[in-house]
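> next come a sequence and a model predicted from it.
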Amino acid sequence: MNSSGKSPDSSSEKDIISDLQSRNMVVQLAGGDELTAHLAEGSRVVYCGFDPTASSLHIGSMVPLLALKRFQMAGHKPIALVGGATGMIGDPSFKDSERKLNSTDIISDWVEQLKPQLSQFLDFDCGENSALLVNNLDWTQDYDVLSFLRDVGKHFAVNAMIQKESVKQRLEREGEGISFTEFSYMILQSYDFAELNKRYDCTVQIGGSDQWGNITGGIDLTRRMHQNQVFGATLPLVTKADGSKFGKTESGTIWLDPKKTSPYAFYQFWLGTADADVYKFLKFFTFLSAEQIDEIEAQDKASGMKPQAQGILAREVTELVHGEQGLSAAVRISEALFSGDISSLTAEDLQQLEQDGLPCSTISSESNGIVEVLVATELAKSNKMAREFIGNNAVSVNGQLVADQDFALTQEKALHTQYFVLKRGKKLFHLVKLVV
RNA sequence: GGAGGGGUUCCCGAGUGGCCAAAGGGAUCAGACUGUAAAUCUGACGCGCAAGCUUCGGUGGUUCAAAUCCACCCCCCUCCA
C-alpha cells in the first residue's frame, strides 16, 4: 500500500495544481506549496466523495469527478468514494435547513446507481494508478458507537466544530437548528479521510468549496490518528453570471443518467450556456487545454459573430457523458428541429427522432384537441396555461403556428398520416403519434 | 416539563375579521429584440372558457363573512429545567 516512487506521467507538462489553477479550478489549498511538492514527488492517492442524494449524479458533480480524472491523467491514483454512510446522515454544509432522512433502502439503491456513473469517467485498468471505487459504509456500518466515540470522537473539539463556516450560519440562523445527526457529518467524513489514508495511503482529498470544513477536519483527524500529513484542495461550485442556479431548467435538474435527462436535453442545456459563462464552463467541464480555450475565446471575440464556444462545449460534454452515440443522436435531433423545415422530415426521420430520445407520446383521435394534447404532453401544466401559450403565439404544430384554441390534431394534418411535431416556446419540442 | 417565537401560494416574505387568490422580491414561463446567448421591455405565474371553485400546518368551532378570532392537535426554533 505504499505509494510508489514513480513520477507522474511525463506527458503532462505542468503540474496538476498549476493546471487546475490555470483553469480557475482551485478555490482553496490545504498545504499550498507543500501539496504541490508532494504531488510532484510521485504518484499520489487522491480521493473525492459523492453522497447518494438522488438516483443519479447531476452536472454539479461533474467538476470534482472530472478533477479526479485530471489527477489520474497526471499520474495519480483516484479514489471515487460513494457515501453509503454519509448519505444516510446528510451533509449540513452551507445548507440552511435540516433535511429529512431518506430510508436506508432508498439510499442503498441510490448507491448502486451511482457506482457506474462514478466509474465511467475513470480508468480502472491502467496499472499502478488505476482508479478505485469505495463505499464508506464498509468501514462505518460495523463500527460500534462506543468505540467510535472513544476512538474518533475524542479527537474533535466541539468548540472548533461550531466555528466552521459551513455550519456557523446554520447555528446562527433564526428559526433553524441543526440536529446532532447532521452535526456529526463532519466527523464521519473526516474519518473517511483517515481511513483511506490508512488503507490506501491516500494523502489528498478534493471536493467542492463547500467541503472545506469537512476536508480540513479530515486532515486534522488523520494527523491525530495516524500522525500523517495529508492535504486538501477545493474546487469551485459552479455559478452562473446572472446569479440563477446552475444546472436547473424548467424541467428540473440536469442529470447524468440518460433516463432522467436525455442526451438531447443534455446537449441542449449546454448549447444554451450564456456567453458570460461559456469559457469558464469549457475549463471546468472539458479536457481542452486552457490555452485552447483561451484561443477559442479570442476567436469568438474577434469574429463579432455568434460564438462557437457553446457548440464546442455542448459537443464535448455530451460526448464525455453520453458517448459518441448519445452525441450524434442529440445533434441529429437538434438539427432536424432547429435548422430544417419540420414538414419536410420523412417518416424515417421522425422515427429516428423518436429513437434518439425526443420526448414522444401517443394520442387517439378522440382526444386530439390542441389544449388537451399540450397538457397530455406536459408542454403545458394546465388547460389554462395551454390556452395562454396559444394566445401568446407560442405553440406550433409541424412548423405551423397554432392560433386557434380549438385546433385539432387530425389525421389530415399529420405528417405521414400519424406524426405531429409540437413546439412550445422557442426550444421545447414533443413528438406526437396519432393512433387511429 | 416551563417560558417565549414561528408554520402563508416554487422560494423568501407581507398580510391580524370583509377592499385577499392573498403586497413585494426572487425563481420560472411566454412574446418582442437577438445568436436556440445576455441585457432590456411586455405579459403570465392555484384551478376553471366562464360563472365560479379550492388554498394560507391539521381538525373542529364562532361569525352574514376567517389566512386573520376561539379550542384542541401536529411540526419547527430560542431560552430555562
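All right, it came through fine.
> going by C-alpha atoms from here, please, whenever you check contacts or count neighbours.
Fine.
> mind jotting down where the helices sit in the stretch 251-400 of chain A?
A:263-271, A:275-285, A:290-303, A:309-338, A:347-356, A:370-376, A:383-391 (DSSP state H, counting those that start in this stretch).
> let's have these in CSV, adding mean neighbour count, distance to A:Leu428 and mean pLDDT.
Formatted as CSV, the helices of the stretch 251-400 of chain A follow (neighbours: other C-alpha atoms under 10 Å; distance: least, C-alpha to C-alpha, whole Å; pLDDT from 0 to 100):
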stretch, mean neighbour count, distance to A:Leu428, mean pLDDT
helix A:263-271, 23, 10, 93
helix A:275-285, 20, 21, 94
helix A:290-303, 15, 27, 93
helix A:309-338, 20, 10, 94
helix A:347-356, 16, 14, 90
helix A:370-376, 22, 12, 94
helix A:383-391, 18, 12, 94
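> for A:His76, find the nearest of those.
Of all those, helix A:275-285 sits nearest to A:His76, with 19.2 Å by C-alpha to C-alpha.
> the closest one near RNA strand B at all?
Yes - using C-alpha under 7 Å from any atom of the strand, helix A:275-285 reaches RNA strand B at A:Asp275, A:Ala276.
> tell me the angle that helix makes with helix A:290-303.
Between helix A:275-285 and helix A:290-303, the angle comes out at 160 degrees (axes from the mean of the first three to the mean of the last three C-alpha atoms, to 10 degrees).
> packing partners of helix A:275-285?
Packing contacts for helix A:275-285, counted by 3 or more C-alpha pairs under 8 Å, 6 or more residues apart in numbering; DSSP states H and E, involve helix A:62-73, helix A:290-303, helix A:309-338.
> nearest to RNA strand B, out of those helices?
helix A:309-338 (4.5 Å; C-alpha to the nearest atom of the strand).
> tell me what that closest one is packed against?
helix A:263-271, helix A:275-285, helix A:290-303, helix A:347-356.
> extract the C-alpha trace of the second one and format it as PDB.
In PDB, the C-alpha atoms belonging to helix A:275-285 read as follows (Å, rounded to 0.1, in the frame of the first residue of the first chain):
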ATOM      1  CA  ASP A 275     -21.700  33.900 -23.200                       C
ATOM      2  CA  ALA A 276     -20.600  35.200 -19.800                       C
ATOM      3  CA  ASP A 277     -20.300  31.600 -18.600                       C
ATOM      4  CA  VAL A 278     -19.300  29.500 -21.500                       C
ATOM      5  CA  TYR A 279     -15.500  29.900 -21.400                       C
ATOM      6  CA  LYS A 280     -15.400  29.200 -17.700                       C
ATOM      7  CA  PHE A 281     -17.500  26.100 -18.300                       C
ATOM      8  CA  LEU A 282     -15.200  24.900 -21.000                       C
ATOM      9  CA  LYS A 283     -12.400  25.000 -18.400                       C
ATOM     10  CA  PHE A 284     -14.500  23.200 -15.800                       C
ATOM     11  CA  PHE A 285     -16.200  20.600 -17.900                       C
END
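> contacts for it, please.
The contact list for helix A:275-285 (C-alpha atoms under 8 Å, 6 or more residues apart in numbering) reads A:23-25, A:62-63, A:66, A:240-241, A:288-290, A:293-294, A:297, A:307, A:309-310, A:313, A:317.
> how about the helices and strands packed on helix A:309-338 in JSON lines, adding distance to A:Lys426?
Compiled in JSON lines, those are given as follows (distance: least, C-alpha to C-alpha, whole Å):
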{"stretch": "helix A:263-271", "distance to A:Lys426": "12"}
{"stretch": "helix A:275-285", "distance to A:Lys426": "19"}
{"stretch": "helix A:290-303", "distance to A:Lys426": "24"}
{"stretch": "helix A:347-356", "distance to A:Lys426": "18"}
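> so can I have CSV of the helices and strands packed on helix A:275-285 showing distance to RNA strand B?
Shown next, in CSV, are the helices and strands packed on helix A:275-285 (distance: least, C-alpha to the nearest atom of the strand, whole Å):
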stretch, distance to RNA strand B
helix A:62-73, 20
helix A:290-303, 9
helix A:309-338, 4
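> tell me which residues touch the residue nearest to A:Ser108 when sequence neighbours are not counted, please.
Leaving aside its sequence neighbours, A:Ser108 sits nearest to A:Gly84 (C-alpha to C-alpha, 6 or more residues apart in numbering; 6.6 Å). Residues in contact with A:Gly84, defined by C-alpha under 8 Å, 6+ apart, are A:Asp51, A:Pro52, A:Ile107, A:Ser108, A:Val111, A:Asn135, A:Asn136, A:Leu137.
> of those residues, buried ones?
The neighbour-count test (16 or more other C-alpha atoms under 10 Å) marks A:Asp51, A:Pro52, A:Ile107, A:Ser108, A:Val111, A:Asn135, A:Asn136, A:Leu137 as buried among those.
> narrow those residues to those in strands?
Among the buried ones among the contacts of A:Gly84, the residues falling in strands (DSSP state E) are A:Asn135.
> so which of the buried ones among the contacts of A:Gly84 reach RNA strand B?
Counting by C-alpha under 7 Å from any atom of the strand, no member of the buried ones among the contacts of A:Gly84 is near RNA strand B.
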